[in-house]
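Peer 1: Sequence and predicted structure below; questions after.
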Amino acid sequence: MLCEPDHGRQDATAYRCVAGRRYGWKERGVAARILVADDNPAMCEAITRFVEAEGHTVLVARNGREALTLAMRDLPDLVLLDVTMPDFDGFEVCRRLKADERTALIPVTMLTILDDAEHRRRGIEAGADDFLTKPFEERLLRARIQTQLRTKRLTDQLERTESIIFALALAVEAKDLYTEGHLWRLARYGEQLAIAAGFPPEDTRAVWRGGLLHDIGKIGVADNILRKPAPLTPEEYAQVKEHPERGARIIAPMRFAREVAPIVLGHHEHWDGSGYPYGLRGDAIPIGARIIAIVDAYDAMTTNRPYRGALTRERALQRLRARSGIQWDPELVAIFISLVEQKRLAEPTEADMVRCVGMASQSRMA
C-alpha cells in the first residue's frame, strides 16, 4: 500500500508512505503541477510525498474553499480531491471546477474511503474523471496519475490547435478593413439572441464560438476578391461560396466541432432553400446557423462596406422584416428585432475581446 494506516499515531506519520524511486515523468522532463486536496493531514502528507517523489510539483489544499482558490489561480494539471472536506465537499468542488471554462478540462480524481455506488454516482454527476479508494496501492496511484496526465497533455495539444484556429479567424478579419470588429459583434449578438431564444448555456457557447469562426474558411479566398468594391463575377462568387465547407473542415479537429461546425457550414443557408452550400430549407438548417445568419446580415447592413455605406438601424430592421420567412427564420427575426428595438442588444465590450483572446492564448499549458 502507498499509505498504510498506523492506528497508534495521530500525526502526519499515521500513514506510512512507502513511495520509492522517482518514476519516468521527471526523467523525461515532464513535471506536472498536481493539486492535492485532503483535510486529513496524515493522508495529505503521504500523498504529497509520493507525488513529489514522482517528480511533480504539489499544491496542497486543506479544505474545499482553498482547493477552489488554488485551482482557479494556478490551473493545475491534475486534481486529487478528497470527498469529505470542510467548507465545500469534494463533489461541490468538482462541480464548480467543471462548470468553469478555465478549469473544466483539468482531470479530477476523487479520493474516498468508501467504495460505494452512491459516492461514484455523485462523483460522476459532478464531472469526476476517476476515483480512488483509500488506502490505495503505490502502483495503482502511479498508474492513475500517469493516465490522467496523459489525457491532460492531449487536451493541451488540442487547445494549442484551437489557439491557432482562433488566430486564423482573427487574421481573416484583419484582411478586410471594412469588417473590423465584425467577429466580436457577431459572437456577442449571436450569444444574446441565443439567450433570448431560450438556449441552454452549452448551446449558447456554441453560437458564440460560431460567431467568431463562421468566416474562417475565407482564409482561402484571395484578398482582391474579399476587398473588391465592385460586384463579384460568377467565378469570384463561386470562390466565396466555398468558404462554409472549407471553414467546417478547418475546425474539424476542435473539441467542440460537433456543435460549431454546423453553424459554420450553414450560416449562408436561407429559410426558403435558396442559400448555399446545400440549399437547406426551414428547420433543416441548424438553429445556431440561423442565428448567425441573422446577426451577420444585421451587422453587414449597419457597417460600412466597400460596395455601400452603412444603413441606419431602422432601415436594417426594415430589411430584416422584408426577408423574414424568406431568407431568415421568422421567429428568430422577431426575437432579434425586439432586442434591437428595446435597446437590449449590447455591443461587445473589452471583456468580450479578452474572453476570445483567452480562448486563443490562455490554454492551460504546463
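Peer 2: All right, it came through fine.
Peer 1: So, low pLDDT: which residues of the stretch 201-350 of the chain?
Peer 2: The stretch 201-350 of the chain contains residues with pLDDT under 70 at 306-307, 349-350.
Peer 1: where along the stretch 201-350 of the chain do the helices fall?
Peer 2: With helices called from DSSP state H, counting those that start in this stretch, the stretch 201-350 of the chain shows them at 201-213, 223-226, 234-240, 243-250, 257-266, 287-301, 313-323, 330-341, 350-361.
Peer 1: Which one, of those helices, ends up nearest to residue 36?
Peer 2: helix 350-361 (26.9 Å; C-beta to C-beta). The C-beta positions use only the backbone N, C-alpha and C, and glycine is treated the same way.
Peer 1: one step back: can you put the helices of the stretch 201-350 of the chain in TSV and add distance to residue 95 and mean neighbour count?
Peer 2: Conversion of the helices of the stretch 201-350 of the chain to TSV gives the following (distance: least, C-beta to C-beta, whole Å; neighbours: other C-beta atoms under 10 Å):
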stretch	distance to residue 95	mean neighbour count
helix 201-213	14	23
helix 223-226	45	13
helix 234-240	45	12
helix 243-250	33	21
helix 257-266	22	22
helix 287-301	26	24
helix 313-323	41	15
helix 330-341	32	17
helix 350-361	22	14
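Peer 1: for those helices, which one sits closest to residue 151?
Peer 2: helix 257-266 (18.6 Å).
Peer 1: Which residue ranges of the protein form strands?
Peer 2: Remark: strands assigned in the chain by DSSP state E are 3-5, 15-17, 33-37, 57-61, 78-82, 108-112, 130-133.
Peer 1: ranking these by burial, who's on top?
Peer 2: Most buried of the strands of the chain, by mean neighbour count (mean count of other C-beta atoms under 10 Å): strand 78-82, with a mean of 27.
Peer 1: quick one: average confidence on that one?
Peer 2: The average pLDDT for strand 78-82 rounds to 94.
Peer 1: Check which strands are paired with that strand and give the direction for each one.
Peer 2: strand 33-37 (parallel), strand 108-112 (parallel) (DSSP bridges).
Peer 1: least reliable of those strands going by mean pLDDT?
Peer 2: Among the strands paired with strand 78-82, strand 108-112 carries the lowest mean pLDDT (a mean of 89).
Peer 1: Identify the residues contacting residue 48.
Peer 2: 36, 58, 60 (C-beta atoms under 8 Å, 6 or more residues apart in numbering).
Peer 1: And the second one, how close does it get to residue 151?
Peer 2: Just to be clear, that refers to residue 58. 19 Å (C-beta to C-beta, to the nearest Å).
Peer 1: go on, the last one?
Peer 2: As defined by C-beta to C-beta, residue 60 lies at a distance of 23 Å from residue 151.
Peer 1: For the contacts of residue 48, give me JSON lines that also has distance to residue 259.
Peer 2: Formatted as JSON lines, these follow (distance: C-beta to C-beta, whole Å):
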{"residue": "36", "distance to residue 259": "34"}
{"residue": "58", "distance to residue 259": "36"}
{"residue": "60", "distance to residue 259": "37"}
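Peer 1: Return the member of those nearest to residue 91.
Peer 2: Nearest to residue 91 among the contacts of residue 48, with distances taken as C-beta to C-beta, is residue 36, at 17.2 Å.
Peer 1: Residue 103: how many residues sit nearby?
Peer 2: For residue 103, the count of nearby residues is 18 (other C-beta atoms under 10 Å).
Peer 1: okay but it is in contact with residue 69, surely?
Peer 2: No. With contact defined as C-beta atoms under 8 Å, residue 103 does not reach residue 69; the gap is 11.5 Å.
Peer 1: thinking again about what came up before, of the strands of the chain, which approaches residue 315 most closely?
Peer 2: Going by C-beta to C-beta, the one of these nearest residue 315 is strand 108-112, 52.3 Å.
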